[in-house]
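J.: Fold the stuff below for me.
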Amino acid sequence: MRIALYQPDIPQNTGNILRLGACLNVPVDIIEPCGFPLSDRGLKRAGLDYLTIAAMKRFDSWEIYLAELEPQARLILLTTSSATPYTNFAFTQHDVLLMGRESAGVPKDVHDRADAQITIPMAPKARSLNVSSACAIVTSEALRQLNGFPS
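T.: Residues are numbered from 1 along each chain as shown. You can find the predicted model right below:
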């Protein structure tokens with residue numbers, strides 16, 4: 001399983017997700033361009049010393065990312081526009097949990113390319129969770145289903 005960040009905007013969220021990946025032994029793919037320099041101090045501050053142990057791979061574009069995606073991989077998009085709760089979804093070890101930009105999500109072509117779209121059920125007046133919080137929630141459920149937490 002992997003986490004993929006589509007053109008992330010906020011270095012602190014990216015750092016938090018890299019820390020999550022390091023702690024849970026889940027690789028993180030960053031699909032550029034980012035809304036900040038990837039060497040930004042905010043990213044380093046949020047990721048702390050976990051950035052040295054995080055398995056991170058950078059891709060210059062969505063097209064390059066797709067070209068290098070493993071054939072058995074399923075792109076699972078976390079989105080507020082899905083009717084499928086993440087708790088009703090059966091994850092596999094080949095899944096890539098795709099997070100959209102904090103400011104705009106993902107464009108239609110990326111949304112349409114995903115093999116599945118899932119959501120986190122929320123209170124009626126709530127719009128969305130922070131991307132790093134959403135990533136942690138869904139990654140934890142996927143690892144629970146797959147018995148994939150580090151021992």
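J.: pLDDT on stretch 100-119, on average?
T.: For stretch 100-119, mean pLDDT is 96.
J.: pull the helix or strand with minimum mean pLDDT from this structure.
T.: Here the helix or strand of the chain ranked lowest by mean pLDDT, DSSP states H and E is helix 41-47, holding a mean of 66.
J.: Now tell me what touches the helix or strand following it from outside.
T.: Following the chain from helix 41-47 toward its C-terminal end, the next helix or strand by DSSP states H and E is strand 56-59. Contacts of strand 56-59 with the rest of the structure, by CB atoms under 8 Å, 6 or more residues apart in numbering, involve 18, 21, 27, 28, 29, 30, 31, 32, 38, 65, 68. Just so you know, the C-beta spots here come from the backbone N, C-alpha and C atoms, and that holds for glycine as well.
J.: Quick one: low-confidence residue ranges for this protein.
T.: In the predicted model, the chain carries pLDDT under 70 at residues 40-48.
J.: all strands of it, in order?
T.: Counting by DSSP state E, the chain has these strands, from start to end: 2-6, 28-31, 56-59, 74-78, 95-99, 116-118.
J.: mind checking which of the ones you listed is nearest residue 134?
T.: Shortest separation from residue 134 across the strands of the chain is recorded for strand 74-78, at 5.6 Å, computed as CB to CB.
J.: Thank you, goodbye.
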